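Visitor: can't give you the sequence, but here's the structure:
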């Protein structure tokens, strides 16, 4: 199943990227023509830059999720209410998240605009500002992603060996020293999954861009996955070969980051 649904489509995408094809008619072999055009395309570099910003800022979800998990991993009165509030973003779809933040950022009646006008005297239309729009969408994406990382870390905290905690306390470890040397090493599997899922989520960030801005204003919030859709499947193109070339580049970037982190994790485990 993995071969049919994962490996085979990757090779098919690579093969299609060497052709000029509209998805219906016969394919025309053009070799590296799509890649030559891609690397001279300003829209591609705008999308790539936005993806890098997504990747860097989206990784903040990992430490934020860990902090939320540590806060919720307590047995105090009322903690279930807090857990429900933190779990809420995880159970709603990206489309709903996008709509909520679109209304939140909306000029005139959006809560963000009302607050900024009250504090600064001027409204900030984030989704209409080419300099701020990408950061506004990332903030929307971080909300459910932090909740997802929090769930991973809560699962990891429940599987921590209590004997090691007690042994560390008997040796005088407490506070930050206890967390850094005993708790955090046992959370490496959760950290690995959280980072991989976050990297993949940042690089295939399509839903929120589509719902909140459709790549605008003037293409300034495009990411590679949305640009691939525009070229291959939207009314702008039906250029399957060019879209496949974008998909191949996106896949290679994703694999580089995941492989780098995997090698680093394996080295840390060997050294420990």
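Guide: Now that the structure is in, tell me what you want to look at. In this text the structure is predicted, and so the values were computed from the model without any measurement.

Visitor: now for the closest residue to residue 253 other than its chain neighbours, how many residues are close by?
Guide: Nearest residue to residue 253, sequence neighbours excluded (Cβ to Cβ, 6 or more residues apart in numbering): residue 203, at 6.3 Å. Heads up, the C-betas are built off the backbone N, CA and C, glycines and all. For residue 203, the count of nearby residues is 21 (other Cβ atoms under 10 Å).

Visitor: with the one 5 residues further on instead?
Guide: Applying the criterion other Cβ under 10 Å, we find 25 residues in the vicinity of residue 208.

Visitor: ok, which stretches of the stretch 1-150 of the chain are helices?
Guide: For the stretch 1-150 of the chain, applying DSSP state H, counting those that start in this stretch gives helices covering 2, 8-16, 33-38, 42-58, 61-72, 79-91, 94-105, 111-120, 133-158.

Visitor: centroid-nearest residue for the protein?
Guide: Residue closest to the mean C-alpha point of the chain, counted by Cα atoms, centre = their mean, is residue 202 at 2.5 Å.

Visitor: for that residue, give me its contacts.
Guide: Contacts for residue 202 (Cβ atoms under 8 Å, 6 or more residues apart in numbering) come out as 51, 54, 55, 58, 59, 141.

Visitor: residue 110 too?
Guide: If a contact means Cβ under 8 Å, 6+ apart, then residue 110 has 103, 104 as its contacts.

Visitor: let me have the helices of the stretch 1-150 of the chain in JSON lines, extended by mean neighbour count.
Guide: Below are the helices of the stretch 1-150 of the chain laid out as JSON lines (neighbours: other Cβ atoms under 10 Å):
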{"stretch": "helix 2", "mean neighbour count": "7"}
{"stretch": "helix 8-16", "mean neighbour count": "14"}
{"stretch": "helix 33-38", "mean neighbour count": "18"}
{"stretch": "helix 42-58", "mean neighbour count": "18"}
{"stretch": "helix 61-72", "mean neighbour count": "20"}
{"stretch": "helix 79-91", "mean neighbour count": "13"}
{"stretch": "helix 94-105", "mean neighbour count": "17"}
{"stretch": "helix 111-120", "mean neighbour count": "13"}
{"stretch": "helix 133-158", "mean neighbour count": "21"}
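
Visitor: so where is this protein shaky, pLDDT-wise?
Guide: 173, 235-237, 272 (pLDDT under 70).

Visitor: longest helix in it, by residue count?
Guide: With DSSP state H setting the assignment, residue counts place helix 240-271 as the longest helix in the chain.

Visitor: give the buried residues for that helix.
Guide: Neighbour counts over helix 240-271 (16 or more other Cβ atoms under 10 Å) mark 240-251, 253-254, 257-258, 265 as buried.

Visitor: returning to that earlier point: ok, the residue nearest to the residue nearest to the centre of the chain when sequence neighbours are not counted to residue 197 distance?
Guide: Nearest non-adjacent residue to residue 202, counting by Cβ to Cβ, 6+ apart: residue 58, 3.8 Å away. Using Cβ to Cβ, to the nearest Å, residue 58 is found at 10 Å from residue 197.
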